[in-house]
Every structure is written in structure tokens, then in C-alpha cells.
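Chemist: Kindly return the folded structure for what I paste below:
(one chain, ligands or ions: 2)
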Amino acid sequence: MVDHITIRKPDDWHLHVRDGEMLKAVMPYTARHFGRAILMPNLTPPVCTTADAIAYRERVMAALPKGSAFKPLLTCYLTDDTDPNDVERGFREGVFTGVKLYPANATTYSAAGVTDYNKIKPVLARMEKLGMRFLMHGEDVDPTVDIFDREARFCEKYLGPWTKEFPGLKFILEHLSSKDGVDFVRAHAPQVGGTITPYHMEFTRTDWLGWGLKPYMYVMPVIKTEKDRQALRKAATSGEACYFLGTDSAPHPVAKKLSVNGIPGIFNAPVAMAVYAKVFEEEGALAKLEAFASLNGPKHYGLPPNTITITLEKRTWKVPEEIKVPGPDERALIHHGGETMTWQAVAS
Ligand code: DOR
Ligand code: ZN
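Modeler: Numbering: from 1, shown residues only. Ligands and ions are numbered 1, 2, ... in the order given. Just a heads-up that it's a prediction; the model follows:
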């Protein structure tokens, strides 16, 4: 039986660390297990310009533990009015790694997102020219589309045509949640890649809604069926270069999660590597974990993989219940808090 595995240090290609006291409380968990992370720009207010991103990067660096070699990678929050010249400046100056699309009102803090896809074409054309990556919350939020079909419709109606209109642009369909999304990415690789969260590989909508409503399984895109979960597990553990790690760790204060109008997101950074290792072990694919966690993402982004390593050990540990956040946020619950995990990431 395999009792440990050493791999190149993973990167998290989809992460929310927020701002202020929450940023300070959560940043060390990611810095411990990951070499780099793509930081999502859906702050309030969002990171829309190069100047916003430079200021945010400074706050992120200040929240890192002393001596940490972790590198934050920033994204630009795309709006109807994003200026292609500012995007170009941010990319050339090494501030922006990519641009992130939130369809307006698709998820948390996306109200300022895109309402008219015709308006963003000049930005996409500029990114294609620059070799910049386009990250997407890929859901069609037309109210006539069923919430469980949002990802499939987005691929059909928008992403498919964009891949032809911008053949030199590389896309990332974030937090893949459906078999349709998985199949679309495979069919359009290497132009399109996709990140996969731990929780979309762990749960089905029956776990979420079948035995009482579990507000901590409420995420966007919503968790789907067993068929979808199986497709995601097979894709992640296949080693195929188009699938890579993105935790979508998204902390929220308890009061916002347990509200009449609850907010989507799971804070999973402390347990993400433990969950991924468990899934890969269950699928008999531990040998493919390094490709998914540490090699495929850098390849899609045109970046070198990390050189230092991390070891995952097969041993039990109890997950803390929560983190304390000074101020009005007070605390955020940790995914699998209070449970025993079977794999533990230890520093190299
Ligand atoms: O569940 C989610 N939470 N999905 C998203 O797309 C955004 C995220 C957040 O920012 O909380
Ligand atoms: Zn996200």
C-alpha cells in the first residue's frame, strides 16, 4: 500500500482569498500547500484595472507568512467597459496573468460582470494578440435556462463560437461541474482547459439536498448528478493535460452562509490537497496526481512547473472546525471541519 507520495509543489489555478481581515486569516493555508495561485478578482469593489491589481497584490503579499515563497497571480475582472489598453499594460507589466469573465449576477460579487458579450470582443481580440489567458465562469444565466443546464448552454451558445472566432486565444472553463463541460473541454483541447474542484468530485445534489438542506454544499456552479461527478473524477484522474487543479476555495462569514438568501462558496484551502489525494487513491490513480496538481496547469498557462516538492502522507488528522476572523466577519467554517482525513500534506 502506498503510504506517501512526493510531487512537485501544486498550484491552485482558481482561488478566492478576499480582502482585509479575511485575506489575512485564509492566505497562510494556501501558501502552505501551493506554490502559486490564481486569485479571483471578485472583491467588493472588484479588481478591474491594473492599478487595482497592483494595490491588491501588495495587500496579498502583506498577508503571507514571513519568508513564504508563494506567488500570487492576478486576474482582471472583466466588465462591459474594460479598456483593452489597460489590460495590455497589466499583462506587459507582469501584473495580470489573465482576464476573468463573470456573467453579470452568475455568482458571488458578480453584479458588475458582463451583460453584453458584444462589448467584450475588443478585449478578447487584444488578449488573443498578446497570448493572454481567458478564464470563465462558464454559465448561461438567461432565466429561461435551468440552473443544472447553465454550463452546457454556455459551452454551446458562447464558448464554442468564441473558440472559432478567436482561434489563438486560450480559454479556461473554471470549476467544471458537468459531464457536458468535461466533454466540451476534451473536444476543444489544447485551446480550452478546465479546472476541477475537490467538492464537485466529492458530492452529488442528493448529498446536498437529499437529507436536509446543507448550506455548506451550496456553490456555483451547483453540484450536479452522480453521472456528472463520475465524469469529473475520471477526467481529473486521467492525467489528460486539459484538466487541472483549482480549489475554488471561497471563504464566507458564517452569517452569510446561513442566511435566508445564502451565498455560494466553500472554504476548502486547508483540506483541498487531502481531498484530492483521497479521490485519486479511490480511483487508483495516485500516479496521476502530480500531472493534475502540478504540471497540467502550468503547461496551459505557459509557465514552468514548480521545482520544489511537497509530500502527502497517508495518516489521519482531524480538521479544525473554523477560523476566527477579527471584526464583523467573526469566523468562517472549514470544509470537512471536525472530520478525520486520511491524507495529510506536509511541507517539503
Ligand atoms: O461557489 C462559489 N463561490 N462560486 C463562485 O463562482 C464564486 C465563489 C465566491 O466568490 O464565493
Ligand atoms: Zn470561484
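Chemist: Spell out which parts of this structure neighbour ligand 1.
Modeler: When proximity is defined as Cβ under 6 Å from any ligand atom, the chain approaches ligand 1 at 16, 42, 107-109, 137, 219-220, 248, 250, 264-265. From N, CA and C alone the C-beta is placed, and that goes for glycine too.
Chemist: got the residue ranges for the helices in the chain?
Modeler: Here the chain has its helices, by DSSP state H, at 20-33, 50-62, 84-92, 121-130, 150-154, 160-165, 179-188, 198-202, 205-209, 226-237, 254-257, 272-282, 289-290, 296-301.
Chemist: need these in a markdown table with mean neighbour count and mean pLDDT, can you?
Modeler: Listed next are the helices of the chain as a markdown table, based on neighbours: other Cβ atoms under 10 Å; pLDDT from 0 to 100:
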| stretch | mean neighbour count | mean pLDDT |
| --- | --- | --- |
| helix 20-33 | 20 | 97 |
| helix 50-62 | 16 | 98 |
| helix 84-92 | 18 | 98 |
| helix 121-130 | 18 | 98 |
| helix 150-154 | 24 | 98 |
| helix 160-165 | 14 | 98 |
| helix 179-188 | 20 | 98 |
| helix 198-202 | 24 | 98 |
| helix 205-209 | 15 | 98 |
| helix 226-237 | 21 | 98 |
| helix 254-257 | 16 | 95 |
| helix 272-282 | 22 | 98 |
| helix 289-290 | 22 | 98 |
| helix 296-301 | 22 | 98 |
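Chemist: export these to JSON lines and tack on distance to residue 142?
Modeler: JSON lines is the format used below for the helices of the chain (distance: least, Cβ to Cβ, whole Å):
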{"stretch": "helix 20-33", "distance to residue 142": "32"}
{"stretch": "helix 50-62", "distance to residue 142": "29"}
{"stretch": "helix 84-92", "distance to residue 142": "27"}
{"stretch": "helix 121-130", "distance to residue 142": "19"}
{"stretch": "helix 150-154", "distance to residue 142": "7"}
{"stretch": "helix 160-165", "distance to residue 142": "16"}
{"stretch": "helix 179-188", "distance to residue 142": "16"}
{"stretch": "helix 198-202", "distance to residue 142": "22"}
{"stretch": "helix 205-209", "distance to residue 142": "21"}
{"stretch": "helix 226-237", "distance to residue 142": "21"}
{"stretch": "helix 254-257", "distance to residue 142": "26"}
{"stretch": "helix 272-282", "distance to residue 142": "32"}
{"stretch": "helix 289-290", "distance to residue 142": "37"}
{"stretch": "helix 296-301", "distance to residue 142": "29"}
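Chemist: what residues are up against residue 267?
Modeler: 26, 249-252, 323, 332-335 (Cβ atoms under 8 Å, 6 or more residues apart in numbering).
Chemist: Residue 242 now?
Modeler: Counted by Cβ under 8 Å, 6+ apart, residue 242 has contacts 185-186, 189-190, 192-194, 296, 300.
Chemist: Would you point out which residue is most central in this protein?
Modeler: The residue lying closest to the centre of the chain (Cα atoms, centre = their mean) is residue 14, at 2.4 Å.
Chemist: Grab the nearest non-local neighbour of that residue.
Modeler: In space, not counting the residues next to it along the chain, residue 14 is nearest to residue 246; the distance is 2.9 Å by Cβ to Cβ, 6 or more residues apart in numbering.
Chemist: Assess the claim that that neighbour and residue 15 are in contact.
Modeler: Yes - in terms of Cβ atoms under 8 Å, residue 246 counts as a neighbour of residue 15; the distance is 7.4 Å.
Chemist: Residues in contact with both of those two, list them for me.
Modeler: residue 38.
Chemist: what's the average pLDDT for stretch 96-103?
Modeler: Taken as a whole, stretch 96-103 carries a mean pLDDT of 98.
Chemist: Output it as CSV - backbone C-alpha positions only.
Modeler: The C-alpha coordinates for stretch 96-103 follow below in CSV (Å, rounded to 0.1, in the frame of the first residue of the first chain):
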residue,chain,number,x,y,z
PHE,A,96,-2.3,40.4,-14.9
THR,A,97,-1.9,36.7,-15.7
GLY,A,98,-5.4,36.6,-17.3
VAL,A,99,-8.8,38.1,-17.5
LYS,A,100,-11.8,36.6,-15.7
LEU,A,101,-15.3,36.6,-17.1
TYR,A,102,-18.2,36.7,-14.7
PRO,A,103,-21.6,36.8,-16.5
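Chemist: and residue 103, bridged to which residues?
Modeler: Residue 103 forms beta bridges with residue 114, as assigned by DSSP bridges.
Chemist: can you count the residues close to it?
Modeler: Residues contacting residue 103 under the criterion other Cβ atoms under 10 Å number 22.
Chemist: and it, what does it touch?
Modeler: Applying Cβ under 8 Å, 6+ apart, the residues near residue 103 are 110, 113-114, 137, 139-141, 154.
Chemist: For it, give its distance to residue 14.
Modeler: 16 Å (Cβ to Cβ, to the nearest Å).
Chemist: same deal with residue 233?
Modeler: Residue 233 is 18 Å from residue 14, where distance means Cβ to Cβ.
Chemist: Among the contacts of residue 242, which one lies nearest to ligand 1?
Modeler: residue 194 (14.1 Å; Cβ to the nearest ligand atom).
Chemist: That closest one touches residue 177, doesn't it?
Modeler: No - the criterion here is Cβ under 8 Å, and residue 194 misses it with residue 177 at 9.9 Å.
Chemist: And residue 322, how far from residue 157?
Modeler: Relative to residue 157, and taking Cβ to Cβ, residue 322 is found at 40 Å.
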